[in-house]
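A.B. asks: everything below, folded, please.
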Amino acid sequence: MGTQLVMSILRGRGELQQQKFDYLLRGPKVLGEENPLSEWVSDSVWASVQALKELEDYSSLPDDLVGSAKRWKEWMELERPEDEPVPGDWKRMPEFERLLLFRALRPDRLTAAMATFVKNSIGVEYITSQPFNLEKSYQDSSPATPIFVFLSPGVDVAAAVEGLGAKLGFTAESGRYASVSLGQGQEPIAMTNLNNMHKNGGWVLLQNIHLTIDWTSGPLEKKVDKLAEGAHPEFRLFLSAEPPPGLERPLPISLLQASIKLTNEPPEGLKPNLLRAYNNFNEEILESCAKQAEFRSIIFALCYFHAALLERKKFGVGNLPGATSGIGWNMNYPFNTGDLLCCGQCANNYLENNSKVPWEDLRYIFGEIMYGGHIVEDWDRRLANGYLFFYFNDSLLEGMEMFPKFPAPANTLNHKTTLETIEETMPPETPLAFGLHPNAEIGFKLREADSFCASLVTLQPREGGDEAGMSTEEKAKMVLDDVVDKLPDQFDMEDIRGRVDDFTPYVMVAIQESERMNVLLAEMKRSLAELDLGLKGDLTMTAPMEALMHALASDGVPSGWTRLAYHSLRPLGSWLANLLNRVGQLNEWTADLGVPKVVWLSGLFNPQSFLTAVMQTTARRNEWPLDKTVVLTEVTKKQVDQIDAPSRDGAFIHGLTLEGARWDDKIGALDDSKPKELFSAMPVILVKAVTVDKAEMKDAYQCPVYTTEARFRQEVFTAQLKSKHSWIKWTLAGVCMFLDVVAAS
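C.D. replies: Next comes the predicted model:
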């Protein structure tokens, strides 16, 4: 909100140039320009520079990057470039205009640069959030003004309200406090308590009101609207609910407007989470086990495990609304303090009843029952078990390193001294603390910047033209004409089928893919023609046409197209170029209907169908039962242009991109990523079918392959990648392959 306030002030003064502001918000790219600095400037950044040079004052930027390469390279490789002057005369630019350089060259530092800009413009208080203080907020409340607390993982709203109530004399024992957790059948009880306290004085806490949305949007909303009528002076209403983005149905606007809104976010950072987790135990609990040394080590490792699971979410959770990465988790899970305490009690019981530490039993209880009880996705379960295998073994008792330069505190220390040791010796947090590669921090910062800019876009007025005179309708019309010009013809399915001699599995894939492409192209042409008539005034604009218009104007892929298309996180310009490449592959495939020399797997609507065709073809040739056949992968040392003919053993595929690691051609195995290289393109891969009994591969990492970076529910198949390291290293690093990566294109 600080940024929005600054931009509003600048706009009011007439100092905000709309074209530059639009660039800052949307970060457009001009693709296809040759990159002369590819050794240290990524193609994605160069595409951003090409778009920026179209704006006034930035036309010389590409030439200056080349001419002053040494100075720019040093600046771009700084850890915190926002604290250093920009090279050359660019440092004399106004601070707002320098933000555009960060948007193009170092988008991962844009939010930090923006915070500095806001601080310098209107003051530091606009970039620091106020801590949760229920007592202070209570002073601002009244009988007619409820206090609404948005729920956060690991935060106990009831305990906070009860604690304040006890301090001020509002307790359940005195009949002046009531708490109701909403759910099926609880609505009448909640309303009875609300009416009673409203009349006689007292506090009411209604928890999880999002679970009874019909009652919340009906009787409760009406009651809150009339709270001022006849309310006892000592009446207060407290409400809690999940924050809006994750809700199936929104909370009533009037309810939110009438309330004081608070959120008590859990501590950010691994150290605060670790300290908080360890504080759930005390010296009495730690002394209660006969095997004190082992128990202290296990409790510390449990707390670190708990903190790592919670804090890893910041790197990306695939099923959250608008997620563009799942490197943290595929799904969001409600890991809580109860899981931690139950695991601690189980560890105590098992240590008491076994002469040796039963590591395998403990790992199973923690990873499959306690924490594992929340986990739905198989790859997430493997991740949790990877942590458990890493931390819970004999080396823990010998003082293992939890991550580089942070050994576990000695198990002879008491509770207080252990807390002090954590506070004093724990190094600054890095992705290595979670088993991730340092590049994961860059990815996190890039997504943070994109999310920040997307939020700013939603706050901008939609109507009216900018200073260049381009209204939303005019922008949409310009893009519409461009898309119509580029759209290819549909496939002649009758002609294709007429040329088929043998409907092999591969031919069937080509036919099915062409049919699906036709459906998508037909809808694109229909909707664009309809919108064109609407923009001309020949048709009345409908809601779907409005949605299409705004999507085209903002470089977004219309929802009507995505429903018929394939998973993709690309903006419209890149999405359209990708679509044309897909059509190109199908044109080549359907021209001779043979088996392609190498298939661009990323270019298929249903890549699983091609893998099934590989299995069917091999199973028929060898007379194997299809249900006993699986696919295996072998990474070759060849690129696409080096493949001369289709494989006799299966099929060659390409287009896959690795995240979290890279493929080393020299050793033919996985290796650590290079610094600042978030993604690594894979060479051609041979996919072949074998019987289940021959599917075991030694020294291979079972690597999930997903459609996009979001990961959630987008798994295509599991590839086998040779590795000299254990599966734990690559699992904790979130290593997987994608069919389509926006940043790598």
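A.B. asks: every contact and neighbour count from this point should use C-alpha atoms.
C.D. replies: Will do.
A.B. asks: mind listing what's buried in the helix or strand encompassing residue 515?
C.D. replies: Using DSSP states H and E, residue 515 sits within helix 505-536. Within helix 505-536, the residues that qualify as buried are 505-518, 520-521, 524-525, 527-528, 530-532, 534-535, counting by 16 or more other Cα atoms under 10 Å.
A.B. asks: what about stretch 554-572, start to end distance?
C.D. replies: 9 Å (Cα to Cα, to the nearest Å).
A.B. asks: go on, stretch 14-22?
C.D. replies: End-to-end distance for stretch 14-22, by Cα to Cα: 15 Å.
A.B. asks: quick one: the strands in the stretch 551-700 of the chain?
C.D. replies: For the stretch 551-700 of the chain, the strands defined by DSSP state E, counting those that start in this stretch cover 599-600, 629-635, 650-654, 657-659, 662-664, 669-671, 679-681, 685-691, 700-706.
A.B. asks: direction included, what does the fourth one pair up with?
C.D. replies: The one in question is strand 657-659. strand 679-681 (antiparallel), strand 736-738 (antiparallel) (DSSP bridges).
A.B. asks: please identify the deepest-packed of the ones you listed.
C.D. replies: strand 736-738 (a mean of 26; mean count of other Cα atoms under 10 Å).
A.B. asks: how far off centre is that strand?
C.D. replies: Centroid separation for strand 736-738 versus its chain: 15 Å, with Cα atoms, centre = their mean, to the nearest Å.
A.B. asks: which residues are contacting it?
C.D. replies: Residues from elsewhere that reach strand 736-738, judged by Cα atoms under 8 Å, 6 or more residues apart in numbering: 656, 657, 658, 659, 660, 703, 704, 705, 706, 707, 708, 709.
A.B. asks: from residue 392, how far out is the closest residue to the fifth one other than its chain neighbours?
C.D. replies: Residue nearest to residue 660 in three dimensions, not counting chain neighbours: residue 735, with 4.6 Å by Cα to Cα, 6 or more residues apart in numbering. When distances are taken as Cα to Cα, residue 735 and residue 392 turn out to be 22 Å apart.
A.B. asks: where do the strands of the stretch 301-450 of the chain begin and end?
C.D. replies: 401-403, 406-407.
A.B. asks: could I get those strands as TSV with distance to residue 415?
C.D. replies: Listed next are the strands of the stretch 301-450 of the chain as TSV, based on distance: least, Cα to Cα, whole Å:
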stretch	distance to residue 415
strand 401-403	18
strand 406-407	16
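A.B. asks: of these, which approaches residue 483 most closely?
C.D. replies: strand 401-403 (50.7 Å; Cα to Cα).
A.B. asks: how about residue 702, nearest residue that isn't a chain neighbour?
C.D. replies: Among residues not flanking residue 702 along the chain, residue 720 sits closest, at 5.0 Å (Cα to Cα, 6+ apart).
A.B. asks: ok, back up a step: what would the strands of the stretch 551-700 of the chain look like in TSV with distance to residue 574?
C.D. replies: Listed next are these as TSV, based on distance: least, Cα to Cα, whole Å:
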stretch	distance to residue 574
strand 599-600	17
strand 629-635	28
strand 650-654	19
strand 657-659	17
strand 662-664	25
strand 669-671	29
strand 679-681	18
strand 685-691	25
strand 700-706	19
